[in-house]
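Visitor: Got a predicted model here, sequence first, then my questions.
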Amino acid sequence: MNQKLTTQKTSKLDKFLNFVEVAGNKLPHPVAMFFGFFVITIIFSFILSKLGISVTYSEISRATGEVVKKTTTVENLITTEGIRGIFTSAVKNFTGHAALGSIVVAMLGVGLADGTGLLSALIKKLVLSTPRVLVSAIVVFAGVMSNIASDAGYVVLIPLGAVIFASFGRHPLAGIAAAFAGVSGGFSANLLIGTTDPLLGGISTSAAQIVLPGYVVDATANYFFMFASTFLITIAGAWLTDKVVEPRLGEYTGPKLEVDADAELTGKEKVGLLMALISVIAFIIVMLLMILPENAIFKLTPAEIEAFVAANHRQPGTMELLKPFFSQSIVFVLMLAFFIPGLVYGISAGTVKSHRDVIKALVKAMASCGQVFVIIFISAQFVYVFTKSNIGIVIAVNLANLLKNMGITGVAAAVGLIFLTAFVNLFIGGASSKWLMLSPVFIPMFVELGLTPEYTQLAYRIGDSTTNIISPLMSYFPIIVGFAAKYAKNEEDMGMGTVIAMMLPYAMVFLIAWTILFLVWTLLGLPIGPGVSMFM
């Protein structure tokens, strides 16, 4: 009876996901889709502007940290100024896209490591030493942990996830899904304090001081909960990959990957791996010497610390003190972390005989990104007009006001904030941009309900993470479509519908499971961070 019931549920889920995939893939190519969004947004900006649609809300100023009242109207882009802005900003939109520089720089390192054979040898070693049953969990966990390196996981780990899965004879799209689920769906979780923690803590501090003068939300405010969440996301993500996502994908029939994981490592490959390992250890030592000493290169200088204190009215935490490393240099550091051992491996294993071999590998890596660059260009233009029109802000503020006016109290209100944020996240990307708008509304409101600012921030972070993986407006989403297209049998087999259908189970389960953990944590009255309670 139970087995039959499980089969029926699985069948219904398959039908639903198949419908999402088929419907989504009947839409045009992602490039044409984003062009359509671009045109539709411009038309709606004209209509909504003529209707006088506007919203008034409180927002935290990035410059001063103070809460200011703002009135935002939908801006008509079919004007002299609007059309001129579209034309004059087109190149800047493309070159300033969050993913472009990261992809180009990271792929130089990854491309050399791949071209010299280092990645192939590493994957052989991984296949020989890793139980097949743990592969999904390892990839999801690596994705979650990559968040400490800002957005690097998107451009490095997700494409590697496909190659790792293919090496085990598994579907490469399942590898992309597992890595994407960890990197983006589990964005807030981590075993360590990441770059997002002090950023959101600073915004929450400003919002809390509206009603609690002098109140400070530390970077470690949600650490205990997010530490535990890492294991929740890893277990749930691995289970979904193995039991739901990969079975739906069926047998892989796309382009053959150039990885022969069944072959044993040759003598030259073993020597190359040993020398590459030595170079990695040396590189890590150099990086630590640039981070740990008191006057290390990557620490803020006294003048920079003074400027930080003046702007934020507090001393920088550890992650903020190392901002030149974690926020500004990490992609280049990761490029070197692949480039140096890749070069050392190539020389030691004999796959690099001259500088021409190095250049050939780098050019090949850039050539593989052609479709991704096209998608970035057109999606960047859409994001520009959508942001410029203010339509996303109008949607977010109206939804926030709706929740506030519903009169929900206590923990139910916090759960409402989780689901509100998850929905708003489909329209406005970026953890900080939404929190700048929502925190002045919900933190004071929840303080009145007896809930701490840290607890409110925690609810926001859960909702903000879970729907990243199904939002076409998330800056890296079209890039993932580009990565996935490499493994389609033909171009017509791959579209946004395939990626959304592939990631939808993760989004739904992560949202539900994380909310249940949130409620259990609340019922048990556990601290969500060092010395941080849930209730005032």
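Guide: Everything's here; your move.
Visitor: Ranking helices and strands of the chain by mean pLDDT, which lands last?
Guide: Lowest by mean pLDDT, DSSP states H and E among the helices and strands of the chain is helix 2-26, with a mean of 58.
Visitor: Send me the helix or strand following it as CSV with only the CA atoms.
Guide: On the C-terminal side of helix 2-26, the closest following helix or strand by DSSP states H and E is helix 30-50. What follows is helix 30-50, C-alpha atoms only, in CSV (Å, rounded to 0.1, in the frame of the first residue of the first chain):
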residue,chain,number,x,y,z
PRO,A,30,16.8,32.1,-23.5
VAL,A,31,18.4,34.9,-25.6
ALA,A,32,15.1,35.5,-27.3
MET,A,33,13.2,35.2,-24.0
PHE,A,34,15.3,37.9,-22.3
PHE,A,35,14.8,40.1,-25.4
GLY,A,36,11.1,39.6,-25.0
PHE,A,37,11.2,40.5,-21.3
PHE,A,38,13.2,43.6,-22.3
VAL,A,39,10.5,44.8,-24.7
ILE,A,40,7.6,43.9,-22.4
THR,A,41,9.2,45.7,-19.5
ILE,A,42,9.6,48.9,-21.6
ILE,A,43,5.9,48.7,-22.6
PHE,A,44,4.7,48.1,-19.1
SER,A,45,6.8,51.0,-17.8
PHE,A,46,4.9,53.2,-20.2
ILE,A,47,1.5,51.9,-19.2
LEU,A,48,2.1,51.9,-15.4
SER,A,49,3.8,55.3,-15.5
LYS,A,50,0.7,56.8,-17.3
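Visitor: What is the burial count for the nearest residue to residue 316 once chain neighbours are set aside?
Guide: With C-beta to C-beta, 6 or more residues apart in numbering as the criterion, residue 316 has its nearest non-adjacent residue at 5.0 Å, and that residue is residue 308. (Each C-beta comes from the backbone N, C-alpha and C, glycine too.) Using other C-beta atoms under 10 Å, residue 308 has 17 neighbouring residues.
Visitor: Mind telling me what element residue 308 is part of?
Guide: Assigned by DSSP H and E, residue 308 belongs to helix 302-312.
Visitor: so residue 72 sits in a strand?
Guide: Yes: membership of residue 72 in a strand is supported by DSSP: H, G, I helix; E, B strand; the rest coil.
Visitor: Isn't it up against residue 58?
Guide: No: using C-beta atoms under 8 Å, residue 72 makes no contact with residue 58, being 11.8 Å away.
Visitor: So, low pLDDT: which residues of the stretch 151-300 of the chain?
Guide: Along the stretch 151-300 of the chain, the parts satisfying pLDDT under 70 run over 151-152, 194-195, 210, 255-264.
Visitor: quick one, helices of it?
Guide: 152-167, 172-180, 196-208, 223-240, 246-249, 267-289 (DSSP state H, counting those that start in this stretch).
Visitor: Output the third one as PDB - backbone C-alpha positions only.
Guide: What that stands for is helix 196-208. Extracted in PDB, the C-alpha atoms of helix 196-208 (Å, rounded to 0.1, in the frame of the first residue of the first chain):
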ATOM      1  CA  THR A 196      27.000  38.000   3.500                       C
ATOM      2  CA  ASP A 197      26.800  37.900   7.300                       C
ATOM      3  CA  PRO A 198      28.400  41.300   8.100                       C
ATOM      4  CA  LEU A 199      26.600  42.900   5.100                       C
ATOM      5  CA  LEU A 200      23.200  41.900   6.300                       C
ATOM      6  CA  GLY A 201      24.100  42.500  10.000                       C
ATOM      7  CA  GLY A 202      25.000  46.100   9.200                       C
ATOM      8  CA  ILE A 203      21.700  46.700   7.400                       C
ATOM      9  CA  SER A 204      19.700  45.000  10.300                       C
ATOM     10  CA  THR A 205      21.600  47.200  12.800                       C
ATOM     11  CA  SER A 206      20.400  50.400  11.100                       C
ATOM     12  CA  ALA A 207      16.800  49.100  10.900                       C
ATOM     13  CA  ALA A 208      16.900  48.000  14.600                       C
END
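Visitor: count of neighbours near residue 329?
Guide: Counted with other C-beta under 10 Å, residue 329 comes out at 17.
Visitor: Over to residue 52?
Guide: Neighbours around residue 52, by other C-beta under 10 Å: 8.
Visitor: residues of the helix holding residue 308 that come out buried?
Guide: Buried positions in helix 302-312, judged by neighbour count with 16 or more other C-beta atoms under 10 Å: residue 308.
Visitor: and the angle from that helix to helix 196-208?
Guide: 40 degrees (axes from the mean of the first three to the mean of the last three C-alpha atoms, to 10 degrees).
Visitor: circling back to that earlier point, assess the claim that the residue nearest to residue 316 and residue 299 are in contact.
Guide: No: between residue 308 and residue 299 there is no contact under C-beta under 8 Å: 11.8 Å.
Visitor: ok so, going back, how far out from the middle of the chain is the helix holding residue 308?
Guide: Remark: helix 302-312 is offset 29 Å from the chain centroid, using C-alpha atoms, centre = their mean, to the nearest Å.
Visitor: what helices or strands is it leaning on?
Guide: Counting contacts by 3 or more C-beta pairs under 8 Å, 6 or more residues apart in numbering; DSSP states H and E, helix 302-312 packs against no other helix or strand.
Visitor: repeat that with 10 Å
Guide: helix 196-208, helix 318-321, helix 323-326 (3 or more C-beta pairs under 10 Å, 6 or more residues apart in numbering; DSSP states H and E).
Visitor: Give me whichever of the ones you listed is most buried.
Guide: helix 196-208 (a mean of 25; mean count of other C-beta atoms under 10 Å).
Visitor: packing partners for that one?
Guide: strand 54-60, helix 223-240, helix 302-312, helix 318-321, helix 431-448, helix 453-466.
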